[in-house]
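Enquirer: Dropping the sequence and predicted coords here.
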Amino acid sequence: MFPHLRTPTIERLYLTCFITTRLGYVSLLWHEVYYNYPDKSVAFLYTITLSLHVYWFVLYIQTQRRFAEKQRRQQLCTVLKAMAHALKEEFVVSAVESSGISYADVFAAGDMLKVNEAHVKDEEKDPLLTDQSMTANRRVENEDMLLPQPDSNISHRGHRRSEPQV
């Protein structure tokens, strides 16, 4: 039920209990009923029960094989990703060194770009964006002017209120 709680110890314990109780015990019961009980229809029920438990055991083994294969694939992917990351870093370092720029200068330039981007975001606005936002604001103002003004003599249900008598 909870695959994240599966450990090899718990899996071995489950397999041991499954084999001893479901396969071993039912097999012993089937043997006793088949050879020592006069009515063979009861033995037939134990045969069905034992075959069902054998089927479940086969499914469990198949599931464990698939799970182990999935674990191997995940480990392989993790190793390949780590190798790709190491190769990428090595490629960047060799490209920087071959161009005559120090590795520290590259990271310092990156930090300077971030500082400049923050400076632009805080102080200077892009004129195109400012014009677009002003146009949108004007559009909203004009739309407000086109909307009908509420009539004080009409209630929220659409009926005219009666005028107070003076």
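Expert: That came in fine, so what should we check first? Numbers count the residues shown, from 1 in each chain.

Enquirer: Just the CA atoms of stretch 85-95, as PDB, please.
Expert: Coordinates of each C-alpha in stretch 85-95 appear next as PDB, following Å, rounded to 0.1, in the frame of the first residue of the first chain:
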ATOM      1  CA  HIS A  85      26.700  17.700 -15.200                       C
ATOM      2  CA  ALA A  86      30.400  17.000 -14.700                       C
ATOM      3  CA  LEU A  87      31.100  17.000 -18.400                       C
ATOM      4  CA  LYS A  88      29.200  20.300 -18.800                       C
ATOM      5  CA  GLU A  89      31.200  21.900 -16.000                       C
ATOM      6  CA  GLU A  90      34.500  20.600 -17.500                       C
ATOM      7  CA  PHE A  91      33.400  21.900 -21.000                       C
ATOM      8  CA  VAL A  92      32.700  25.300 -19.600                       C
ATOM      9  CA  VAL A  93      36.000  25.500 -17.700                       C
ATOM     10  CA  SER A  94      38.000  24.400 -20.800                       C
ATOM     11  CA  ALA A  95      36.100  26.800 -23.000                       C
END
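
Enquirer: Buried residues, the strand or helix carrying residue 32. List them.
Expert: Assigning secondary structure by DSSP states H and E places residue 32 in helix 26-36. For helix 26-36, burial by neighbour count (16 or more other C-beta atoms under 10 Å) applies to 26, 30, 33. For the C-beta atoms, the positions are set from N, CA and C on the backbone; glycine is no exception.

Enquirer: Which neighbouring elements make contact with the helix or strand harbouring residue 86?
Expert: For residue 86, the host element (DSSP H and E) is helix 40-99. With contacts defined as 3 or more C-beta pairs under 8 Å, 6 or more residues apart in numbering; DSSP states H and E, the packing partners of helix 40-99 are helix 26-36, helix 103-122.

Enquirer: by how many degrees do it and helix 26-36 diverge?
Expert: Interaxial angle of helix 40-99 relative to helix 26-36 (axes from the mean of the first three to the mean of the last three C-alpha atoms, to 10 degrees): 160 degrees.
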